[in-house]
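>>> Sequence and predicted structure, then a few things I'm wondering about:
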Amino acid sequence: MHALGQDQARPQPINLDIVKEFVSVSHGKFDRVREMLENDPQLLHVSNDWGGGDFESGIEAAGHVGNKEIANYLLGKGARYNIYLACMLGHLETVKLTLTAHPMLLNSKGPHGLTMLHHAIKGGEPAKPVEEFLRSLGAKETRFDFYAKG
């Protein structure tokens, strides 16, 4: 049985220029994000390939620049939540639970090599407790070379 079911046809891939535009505007152009998503709801889960394995979705774009308006809008539409977004939004309990279960993720690379600490800093005052928690665990770097091996 196919993952989509035997009787379901796989939809056509979304034009890569449209994917790139959606992810790009998700950094800060709320009206355009809303317009594009209303025209094509499939954009909610797309990721742009910036090269070298650096993939970024719309919600990740909003997350690493601290754009809560776009992030919350996309979450409300069903976008995928992740640890970096939790840091930016100041979701301390989520961050604590995740890092307690998986401490090796503390210095993991998010989009463009940006760390959880970077996202917490971009979250501003509401994310300050997350920033303090990450620093208490030894987080110091806000960005790692995405393309470095190891």
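Arrived safely, thanks for sending.
>>> give me every residue that touches residue 86.
Residue 86 is in contact with 94-95, 98, 130, counting by Cβ atoms under 8 Å, 6 or more residues apart in numbering. No exception for glycine: its C-beta is placed from N, CA and C like everyone else's.
>>> Please, a PyMOL command that selects the buried ones among those residues?
Selection of buried members from the contacts of residue 86 for PyMOL, criterion 16 or more other Cβ atoms under 10 Å:
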select buried, resi 94+95+98+130
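>>> Could you list which of the contacts of residue 86 belong to helices?
Per DSSP state H, helices hold the following members of those: 94-95, 98, 130.
>>> and those, which two are the farthest apart?
98 and 130 (11.2 Å; Cβ to Cβ).
>>> ok so, going back, what's the closest of the contacts of residue 86 to residue 109?
Nearest to residue 109 among those, with distances taken as Cβ to Cβ, is residue 98, at 15.5 Å.
>>> measure that closest one to residue 44 for me?
Residue 98 is 23 Å from residue 44, where distance means Cβ to Cβ, to the nearest Å.
>>> Quick check: closest non-adjacent residue to the residue nearest to the spatial centre of the chain.
Centroid check for the chain by Cα atoms, centre = their mean gives residue 60 as the closest residue, at 2.2 Å. Of all residues not flanking residue 60 in the chain, residue 111 sits nearest, at 4.6 Å (Cβ to Cβ, 6 or more residues apart in numbering).
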